[in-house]
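Participant: Task: produce atomic coordinates for the following.
(one chain, ligands or ions: 2)
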Amino acid sequence: MNRKQKKMLVRIVISAVLLVLVNLLPLPFWLRCAVYAAAYFCVGWDILRKAALGIKNRQVFDENFLMAVATLGAIALAVKEGSGDFNEAVAVMLFYQIGELFQSVAVGKSRRSIAALMDIRPDSANLEVDGKLEEVDPDEVPVGSVIVVNPGERVPIDGVVLEGASSLNTAALTGESAPRDVGAGDEIISGCINMSGVLRIRTTKEFGESTVSRILELVENASSNKSRSENFISRFARVYTPAVCFGALALALLPPLVRLMMGLDPLFGDWAYRALTFLVISCPCALVISIPLSFFAGIGGASREGILIKGSNYLETLSKVKTVVFDKTGTITKGVFEVSGVHHSDRDEAEIIEYAAHAECASSHPISRSLVRRYGKEPDRARVKDIEEISGHGVTATVDGVSVAAGNDKLMQRLGVEYIPCGSAGTVIHVALDGQYAGHILISDLEKEDIREALAALREAGVTRTVMLTGDAESAAKQVAERVGIDEYHSGLLPGDKVTIVEKLLKELGGSGRLAFVGDGINDAPVLSRADIGIAMGALGSDAAIEAADVVLMDDDPMKISRAIKISRKCLRIVYQNIIFALAVKLVCLLLGALGLAGMWAAIFADVGVMVLAVLNAMRALDTKRV
Ligand code: ADP
Ligand code: MG
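Facilitator: Ligands and ions are numbered 1, 2, ... in the order given. I've put the predicted structure just below:
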């Protein structure tokens, strides 16, 4: 329990003790009233205050208002009767607050269990200073310093391995249990656990910019981002709460008026009491509490599997996905290109690759990285000037004073360079030197091994249409689409065209089902944000993707897409179960209350009981093993 919860507990206990005392001790009338008042305000002042604020802000109808009116009404009735018995008002407030406390503890518990499973925050880093190791706060490690990670320790900061070889456990980040092997020269992300060897790492980021910090920030924001799920209930409460308030008013006034007209005793007091009971019963707290909690648990469960969902509204949208649109490079395919040849060039293959790799040295596009890898050495950035990356086209730069252009047909057309189209299947990088065509590099990418299974799993999860978009040429696109069995594909697209196509698909869908776009954030950030739901893959490392996407998959395993959809469906099922259960119980209680068969005590018991059950059900969403 945190301090706030402890304070609430103290208030509840004081109020309960006062309530017991006032009923046991033979106190004079005025003292009884004073003790009741003390008990009531001790436990309920914040509810009254929130209700008053709600009225001031013109957001009248919420559960605080219901509780305030019901209890103040009960007090008014007791005053009118002159009985001096205010047990009901105090007890209702007391039980309501006990329920609130229970739920806040439950939320805290699920938050902690998520935090424990996402326990990736490193405590310290071993910083190398003048050849000696110092244990420091990860926050204090400057970019470019050397740190040492011993076996069993968590990598505190993103970096590149200088020395050593080891395997890393990335389970906390990706939910993936297979270890990842790293050696000198490999990039390494924070949050993984070093399993076997000692690693010397040169840090490439500050702690605050490192993967660990970004993930924690994302998860924390998603869970505090309550407004999203509040929308869901407030949409409901906007209709429901005023309706029950007016219902209660009608119940208090109409029957007595009818009785009056019939010449009977109007029994105003009785009907007023029934109306107040009605108000207590109608308090939607089981919903108000359990729905955000279910979403929260669903988001937490997903994050343990390496699926980060940025808010509960995205979880809701995800559960309705019918169409999934994929970007090709890095999503369907591995984005690790192999050079299969250099064609139509009168120069040396190595020379062409050297020029291209240097021109591409600053880009994070999979093609660029592959060319640099093929070049085999670190490109010398001092030789390169005026780098310009034209998305969906390629790059231009000046290397050793020679102006180099490397890219697709569109780039050549744009620069007005005559090029020779390639007959072979694959991705083609045309190279022009000083405006003269210098041949093309043919590269090919491999599909991800489990992409076919991933597509099948998507269909099983209720997705009816799969589409692939790519900036690559028709021939390469066709080959991939046929091999993996995707329903349709569109090729030769610029990033802007991808948006246009997604907009067209959105229109075709109309309201039926939602559209998800899956990409790697490279050249497709606009589409990620345009789709109903943007899913970024392999986000360990790509800032653009984390920014633009609504759902971030920590690794590039395509099976996670269907997992995410299934988890969201389970969560929404729980939400609907809770809604139906709570409403059904409410409805029965409302009827009993209106008929005068259930008093305010019964009402508050039913309310807290339903809430406890709904909260327990909500916690099930945390378990993503069974979806
Ligand atoms: P995809 O839609 O498959 O993810 P992109 O939209 O990122 O591909 O790029 C589309 C095409 O533009 C690539 O197939 C390539 O021909 C060209 N291209 C983009 N960026 C580069 C680059 N950095 N170097 C060379 N060619 C590039
Ligand atoms: Mg791409």
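
Participant: What sits closest to the residue in the stretch 151-300 of the chain that ligand 2 sits nearest to if chain neighbours are left out?
Facilitator: For the stretch 151-300 of the chain, the residue closest to ligand 2 is Glu187, as judged by Cβ to the ion, at 19.4 Å. Just so you know, the C-beta spots here come from the backbone N, C-alpha and C atoms, and that holds for glycine as well. Nearest residue to Glu187, sequence neighbours excluded (Cβ to Cβ, 6 or more residues apart in numbering): Val160, at 5.6 Å.

Participant: can I assume Asp400 is in contact with Asp380?
Facilitator: No - with contacts counted by Cβ atoms under 8 Å, Asp400 stays clear of Asp380, the gap being 9.6 Å.

Participant: can you give me the mean pLDDT across stretch 612-625?
Facilitator: Stretch 612-625 carries an average pLDDT of 84.

Participant: same thing with stretch 536-546?
Facilitator: So the average pLDDT for stretch 536-546 ends up being 71.

Participant: just stretch 595-607 next, same as before
Facilitator: 77.

Participant: repeat for stretch 94-107
Facilitator: Mean predicted confidence for stretch 94-107 is 81.

Participant: Work out for me the element Thr398 sits within.
Facilitator: strand 394-399 (DSSP states H and E).

Participant: Show me what that strand packs onto, helices and strands only.
Facilitator: Packing partners of strand 394-399 (3 or more Cβ pairs under 8 Å, 6 or more residues apart in numbering; DSSP states H and E): helix 349-359, strand 384-390, strand 402-407, helix 409-415.

Participant: quick one: contacts of the helix or strand just after the longest one?
Facilitator: Proceeding C-terminally, helix 349-359 gives way to helix 366-375 as the next helix or strand, assigned by DSSP H and E. The set of residues that contact helix 366-375 without belonging to it, under Cβ atoms under 8 Å, 6 or more residues apart in numbering, is 329-330, 335-339, 353-354, 356-358, 360-361, 363, 379, 395, 406, 427, 429, 441, 443, 445, 520, 522.

Participant: Break this protein down into its domains, please.
Facilitator: 142-205, 336-444 (automatic domain parsing).

Participant: Format the ones you listed as JSON lines; extra columns: distance to Val105.
Facilitator: As requested, the domains of the chain are arranged in JSON lines below (distance: least, Cβ to Cβ, whole Å):
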{"stretch": "domain 142-205", "distance to Val105": "26"}
{"stretch": "domain 336-444", "distance to Val105": "45"}
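
Participant: For those, which has the smallest mean pLDDT value?
Facilitator: domain 142-205 (a mean of 88).

Participant: got the end-to-end distance for that domain?
Facilitator: End-to-end distance of domain 142-205 (Cα to Cα, to the nearest Å): 8 Å.

Participant: Close to ligand 2: what parts of this protein are there?
Facilitator: Selection of the chain residues close to ligand 2 by Cβ under 5 Å from the ion yields 327, 329, 522-523.

Participant: neighbour-wise, which of those residues leads?
Facilitator: Top of those by neighbour number is Asp327, holding 28 neighbours under the definition other Cβ atoms under 10 Å.

Participant: Now for that residue: which residues touch it?
Facilitator: Contacts of Asp327 by Cβ under 8 Å, 6+ apart are 468-470, 498, 517-520, 524, 527.

Participant: for Phe278, same thing?
Facilitator: Contacts of Phe278 by Cβ under 8 Å, 6+ apart are 244, 247-248, 251, 590, 593-594.

Participant: List the buried residues in whichever helix or strand it is part of.
Facilitator: Using DSSP H and E, Phe278 sits within helix 268-282. Under the neighbour-count criterion of 16 or more other Cβ atoms under 10 Å, helix 268-282 has 268, 271-282 buried.

Participant: on that earlier part again, can you tell me which of the residues of the chain next to ligand 2 are in strands?
Facilitator: Asp327 (DSSP state E).

Participant: ok, now how distant is the residue lying closest to Gly99 once chain neighbours are set aside from Met559?
Facilitator: Nearest residue to Gly99, sequence neighbours excluded (Cβ to Cβ, 6+ apart): Val608, at 4.3 Å. Applying Cβ to Cβ, to the nearest Å, the value for Val608 to Met559 is 42 Å.

Participant: Tell me which of the two has more neighbours.
Facilitator: More crowded of Val608 and Met559, by other Cβ under 10 Å: Val608, with 18 against 15.

Participant: Doesn't the more buried one lie inside a helix?
Facilitator: Yes - secondary structure assignment places Val608 in a helix (DSSP: H, G, I helix; E, B strand; the rest coil).

Participant: Just list the residues touching it, thanks.
Facilitator: So Val608 contacts 95-96, 98-99, 102 (Cβ under 8 Å, 6+ apart).

Participant: Next, count neighbours for the residue of the stretch 101-250 of the chain at minimum distance from ligand 1.
Facilitator: Proximity of the stretch 101-250 of the chain to ligand 1 (Cβ to the nearest ligand atom) peaks at Glu187, 18.8 Å away. The tally of other residues near Glu187 (other Cβ under 10 Å) stands at 13.

Participant: quick one, what contacts the residue in the chain positioned nearest to ligand 1?
Facilitator: At 2.3 Å from ligand 1, Gly471 is the closest residue in the chain, using Cβ to the nearest ligand atom. Contacts for Gly471 (Cβ under 8 Å, 6+ apart) come out as 329, 392, 408, 491-495, 498, 523.

Participant: Return the subset of these lying in helices.
Facilitator: 495, 498 (DSSP state H).

Participant: And the contacts of Gly471, which two are furthest apart?
Facilitator: For those, the maximum inter-member distance is 15.0 Å, found between Asn408 and Lys498 (Cβ to Cβ).

Participant: And those two? Which one has more around it.
Facilitator: When Asn408 and Lys498 are compared for neighbours, Lys498 comes out ahead with 26 against 22, by other Cβ under 10 Å.
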